[in-house]
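The sequence and its predicted three-dimensional model are supplied below.
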Amino acid sequence: MIRNELDRIIKEYHITIDRFDDVALESRCLTETMQETSTKISYADNWFKINSLDINDKTHEQVILSQLMFYKVIKEFTNNNINIPFLDILEKRLDLPILVTKTKFDEYISSIVQRSSNLIIVDIFGRIYEDFVPQKERRRLGQFRTPEPIAMLMVSLLLQNCKRNQSYNLLDIGSGAGIFLLYLYNIALSKGVNMNLEGIEINPLLANALISNFNLYGYPIPEIHLKDFLFMNFEKKYDFVICNPPYTRHHSIPDDKKNKLIREFKRRYGIEISRLSSMPVYFILKALNVLKDGGHGIFIVSTEVFDAKYGVQIKKFLYKHIQIDFLLKFSQTNDAFPDVDVTAVIISFTKRKPSNAHKIKLGVVNSLSYQNQILNDIGKHSDGHLKYEWGEMRAVYQTNLDPEFKLQYILNGMTPNSKVGNNIVYLKDVANIMRGIATGANKFFLLTDDEVKKFSLNKYVVPAIDKNRYIQDIWLTNEDWRKLKLSKKKVWLLYINSNSYIDKSLERYLSIGVSLGIPERSLVKTRKKWYYMEKRDIPPIIFTYLSRANPRFILNEAQVRPLNTFLLIYPKYVIIKNNLTEVLWAILNSTIVIENLRNIGRAYGSNTTKIEPREMDKLPIINPLDLPEGVIQEIRDVIAMFNKTRNRQQFINSIDKIIQEYLRGFGFSGIPLKARNQLYLSEYE
């Protein structure tokens, strides 16, 4: 209801950047959120800077109007608000109507509470903010609300370090609408812990949501610092910090801000931070600065922070200087943030150097329905690998951790020396891997069959494929591709290079591209001639580069040239010479190899895995060159049967059985197909 009405008002009150500039002329002043500069900045400029928006980008109008409507509702129906000059001026100029009456607003809040009756506390104004500001815009702002069950778990874990009737200082970094602080007040009160709560939040709109939440529950409003956490000077030190940092990637962090932070942390900690680091890296390092010695911190971040290349430096620093108490990863079947493609991990740490005897507790959470059990099991777990109703946990010596080794490997029970033997190799040992073709303008360079005929481009196009969903099976036949062509899909690629002769028909089509501005696109304009296409041989096997629950290696019978939504796998000459290409393809689709994909790639939410070419290089597989002739023939027989039946599951089951029998010969009697650690050959051995 709110969203539909807001969309109507946004259309009715469509405004331009010129009008934003108009509003900006109202005043010029230095705002406290910009204390790290000495330059005066307008209210409008400051608001855009707070939200990491470009005031010259006209696509930001909708998010500003959405924020304005939320601010208007907050002012209308709640008390103790923080005034936001830019939005006040904008509201006055636009004379926007209120969305709902007080009665309707109360009914709206009641409906939110009723839908969440199983929760102790509901982030009501955080949820209302989400209704006003669309997910696409919140993603742009790096704003992802912490779901209540996760907030409750993190707060409960943190409070395990508290003693009854003792007083502590806590800072909630990037407080947002205050869900951590709400749970902290509620649970600390019930435990008899005196917790002095403070929050820091750069965005006064979210601070207003926090105040409104506390007013609604009748809790005393904590002290809120309207500052940029990364540039605030802290004289006070805290016993605890808690944080869900903004998920801002490196390319969205302004260069001047990035340069200051890199210099600061190099001076303070001697750490060389990669310029590719995302925002959570800076937040973790800054948090250490505001903690007392022996103080505790708990963060929830994307696993990418620890598994990407830029994470090596932060892991090297943390492993050596900071005691990590536990890491809890949310499994891909239990999305921490349901609407966001990200796999999250909770990291809890103590500000002190780890002893040689200290062990990190590593857990994988499959279900949040067992909060009390999770708390108890983490508290009791000291050694070994145990499975629980909620997931599993193991403990490892922190001093043994290799920062080059992916966190995801460790959480799956691997060690840098896990291996089977010479019969296991990396995929790069038997094949070359490349990404597919990047056109720079798919709508122009990809054509339907009708378009090829219309422009007489038959001699300039080659069969292509650009979308994973077009190939749901593991074998792309000529007939499959023909069906795509007949269904008017864009399956022809304009494939021109220096040897191509430009006739009149091609000249006419290229002139259309010029009129559309294709030659000026960022990738296209880097080419010797803008219409020259990247060269790729036809790959025998292709892989779904970004896979959601269905990663697959596809036999390319249709001889297509895939675009960069796929990885291209070219078996090496020795594989081709021994006629083992299809055998390699069958091995790649076995369960034991598919399971390993999660260990080499990057895990996101909704059971999504993304694998780059150099990560695919490190996929451990059974070496087809070492297989006995009898095993090879068995695999070929299964392939022949699949070609007749097209029963994918039967095919995979049969290949799994052959592989399992083969591995038994190496002493792995009854090896479970999902024993990923036993099939891992480390590059660090």
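Yep, that arrived.

my guess is residue 80 is in a strand, correct?
No - secondary structure of residue 80 (DSSP: H, G, I helix; E, B strand; the rest coil): coil, not part of a strand.

contacting residues for the nearest residue to it once chain neighbours are set aside?
Spatial nearest neighbour of residue 80, excluding adjacent residues (Cβ to Cβ, 6 or more residues apart in numbering): residue 211 at 5.3 Å. Heads up, the C-betas are built off the backbone N, CA and C, glycines and all. The contact partners of residue 211, by Cβ atoms under 8 Å, 6 or more residues apart in numbering, come to 78, 80, 81, 82, 221, 224.

What confidence value was assigned to residue 211?
Residue 211 carries a pLDDT score of 94 in this model.

Then residue 513?
95.

Quick check: it vs residue 451, distance?
13 Å (Cβ to Cβ, to the nearest Å).

Check the gap between residue 102 and residue 91 for me.
18 Å.

Compare these two (neighbour count), which wins?
residue 91 (17 against 10; other Cβ atoms under 10 Å).

Helix, strand, or coil at the more buried one?
helix.

Over to the one 5 residues further on?
The local conformation at residue 96, judged by three-state DSSP, is coil.

Now do the same for it: its pLDDT.
Residue 96 is given a pLDDT of 73.

and what of residue 55?
Reported pLDDT for residue 55: 66.

and if you look at residue 358?
So residue 358 comes in at 93 (pLDDT).

List the residues that contact the nearest residue to it once chain neighbours are set aside.
Among residues not flanking residue 358 along the chain, residue 398 sits closest, at 5.1 Å (Cβ to Cβ, 6+ apart). Contacts for residue 398 (Cβ under 8 Å, 6+ apart) come out as 319, 323, 324, 354, 358, 359, 360.

Tell me if I'm right that the last one and residue 401 touch.
Yes - A contact is recorded between residue 360 and residue 401 when judged using Cβ atoms under 8 Å, the distance being 7.4 Å.

Is residue 543 bridged to anything, and to what?
residue 553, residue 567 (DSSP bridges).

What count of nearby residues applies to it?
Neighbours of residue 543 (other Cβ under 10 Å): 25.

Just the buried residues of the contacts of residue 211.
Listed as buried from the contacts of residue 211 are 78, 81, 221, 224; burial here means 16 or more other Cβ atoms under 10 Å.

Look up how far residue 349 lies from the third one.
What it means is residue 221. 29 Å.

now swap in the first one and tell me
With distances defined as Cβ to Cβ, the gap from residue 78 to residue 349 amounts to 36 Å.

shaky segments in the stretch 301-450 of the chain?
Counting by pLDDT under 70, the ranges of the stretch 301-450 of the chain that qualify are 332-342, 408-422.

Check which helix or strand residue 46 maps to.
helix 43-50 (DSSP states H and E).

So residue 120 sits against residue 183, correct?
Yes - using Cβ under 8 Å, residue 120 is in contact with residue 183, at 7.5 Å.

Just give me the longest strand of the protein.
strand 291-302 (DSSP state E).

Please save the CA atoms from the helix or strand following it in PDB.
Remark: after strand 291-302, the chain's next helix or strand is helix 304-307, criterion DSSP H and E. Presented in PDB, the C-alpha positions along helix 304-307 are these (Å, rounded to 0.1, in the frame of the first residue of the first chain):
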ATOM      1  CA  GLU A 304      34.100 -12.100   0.500                       C
ATOM      2  CA  VAL A 305      35.900  -9.900   3.000                       C
ATOM      3  CA  PHE A 306      37.900 -12.900   4.100                       C
ATOM      4  CA  ASP A 307      37.900 -14.900   0.800                       C
END
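
ok, and what's touching helix 304-307?
Here helix 304-307 makes contact (Cβ under 8 Å, 6+ apart) with 278, 280-281, 284, 311, 314-315, 342, 345, 406-408, 602.

Then stretch 313-322?
269, 271-274, 277, 281, 284-285, 288, 305-306, 324, 349-354, 398-399, 401, 403, 407.

what's the answer for stretch 622-633, then?
Contacts of stretch 622-633 (Cβ under 8 Å, 6+ apart): 422-425, 429-430, 574-575, 578, 580, 583-584, 587, 593, 635, 658-659, 662-663.

what's the distance between residue 579 and residue 571?
10 Å.

the more surrounded of these two?
The neighbour count for residue 579 versus residue 571, taken as other Cβ under 10 Å, is higher for residue 571 (23 against 10).

The more buried one contacts residue 587, doesn't it?
No - assessed by Cβ under 8 Å, residue 571 is found out of contact with residue 587, at 11.4 Å.

hey, what's residue 344 bridged with?
Note on residue 344: beta-bridge partners by DSSP bridges are residue 302.
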